[in-house]
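Enquirer: no sequence on this one, just coordinates:
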């Protein structure tokens, strides 16, 4: 378990679900510039930065090829990491085919499952959030197929021009990206991540659960000293998390 203690005037930042490349590279370019400007701002006082998945709307790593584009974001992440600020990346359901590119090229660790962190003596469980809790059985079956080694091996044999185009086409069919307003609060009893967090609390204590995936900025008290945070997205809300002594869910202006 990684422990982080912020220095004086330093903070820990969290962001998720940028989906760069959707619905088209041209349409997402202003959002990419906005996010890079945000990274430029938070690097001034960041102790660490957590990116909780779906940074790209589609990502697949061939052995010698990665998808074209996103150079401003990748360059800014490299600059921040080279300055000594730790960055932690959690894969999402749109970039679940990420392997070691971030680790080798950017020195950014990549996590495929939720992880525990201690930040200023508070216990966090952090992840993207897809496939957790009850329900969502269709996606859980799909994820098993997409992450099956044979399927990935077969997809890798597609020429990158075909594979990336196909992957991008399938990815933008996601209703959250295509514009259908499915990201609505369903009530605690129907929020799978809330149920997942409550189940976790029956086994051990966490001060904060921090996830993305839902595309809704949410802050829900689970117990007096335990809170579930959903970071929202950088498509509609442009929200992010900030932590020093307490967690703040903020909106980039």
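Expert: That came through fine. Worth saying up front: this structure is predicted, and the values here are computed from it rather than measured.
Enquirer: For the chain, spot the helix or strand the model is least confident about on average.
Expert: helix 175-178 (a mean of 42; mean pLDDT, DSSP states H and E).
Enquirer: elements contacting the helix or strand following that helix?
Expert: Going down the chain from helix 175-178, the next helix or strand is helix 192-201, by DSSP states H and E. With contacts defined as 3 or more Cβ pairs under 8 Å, 6 or more residues apart in numbering; DSSP states H and E, helix 192-201 has these neighbours: strand 208-211, strand 217-223, strand 226-231. Any C-beta I mention is one placed from the backbone N, CA and C, and that applies to glycine too.
Enquirer: Kindly recompute the last result at 6 Å.
Expert: Based on contacts counted as 3 or more Cβ pairs under 6 Å, 6 or more residues apart in numbering; DSSP states H and E, there is no element that helix 192-201 packs against.
Enquirer: what about stretch 234-241, average pLDDT?
Expert: Stretch 234-241 carries an average pLDDT of 96.
Enquirer: tell me how far the ends of it are from each other?
Expert: Terminal residues of stretch 234-241 lie 12 Å apart, using Cα to Cα, to the nearest Å.
Enquirer: Can you tell me, leaving aside adjacent residues, what's nearest to residue 88?
Expert: Once flanking residues are discounted, residue 88 sits nearest to residue 50: 4.9 Å by Cβ to Cβ, 6 or more residues apart in numbering.
Enquirer: Surely that neighbour is in a strand?
Expert: Yes: under the criterion used here (DSSP: H, G, I helix; E, B strand; the rest coil), residue 50 sits inside a strand.
Enquirer: Report how many residues lie close to it.
Expert: Close neighbours of residue 50, defined as other Cβ atoms under 10 Å, add up to 27.
Enquirer: Tell me which residues touch residue 220, please.
Expert: residue 228 (Cβ atoms under 6 Å, 6 or more residues apart in numbering).
Enquirer: Beta-bridge partners for it, please?
Expert: Here residue 220 sits in beta bridges with residue 228, going by DSSP bridges.
Enquirer: That one and residue 228, how far apart?
Expert: To residue 228, residue 220 is 5 Å away according to Cβ to Cβ, to the nearest Å.
Enquirer: Also residue 131?
Expert: 17 Å.
Enquirer: Give me the more crowded residue out of these two.
Expert: When residue 131 and residue 228 are compared for neighbours, residue 228 comes out ahead with 24 against 19, by other Cβ under 10 Å.
Enquirer: which residues does the more buried one contact?
Expert: 194, 197, 209, 220, 222.
Enquirer: Which of the residues you listed are buried? Put it as a ChimeraX command.
Expert: Per 16 or more other Cβ atoms under 10 Å, the buried members of those correspond to this ChimeraX selection:
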select :194,197,209,220,222
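Enquirer: Which one of the contacts of residue 228 is nearest to residue 123?
Expert: Within the contacts of residue 228, distances to residue 123 taken as Cβ to Cβ reach their minimum at residue 209, with 10.0 Å.
Enquirer: Check which helix or strand the residue lying closest to residue 183 once chain neighbours are set aside maps to.
Expert: Residue nearest to residue 183 in three dimensions, not counting chain neighbours: residue 215, with 4.1 Å by Cβ to Cβ, 6+ apart. Residue 215 belongs to no helix or strand when elements are defined using DSSP H and E.
Enquirer: for residue 93, same thing?
Expert: Secondary structure assignment for residue 93, by DSSP H and E: no helix or strand.
Enquirer: now it: how far from residue 79?
Expert: With the distance defined as Cβ to Cβ, residue 93 ends up 28 Å from residue 79.
Enquirer: give me the number of residues near the closest residue in space to residue 116 that isn't next to it in sequence?
Expert: Once flanking residues are discounted, residue 116 sits nearest to residue 1: 4.9 Å by Cβ to Cβ, 6+ apart. Look at residue 1: counted by other Cβ under 10 Å, it has 8 neighbours.
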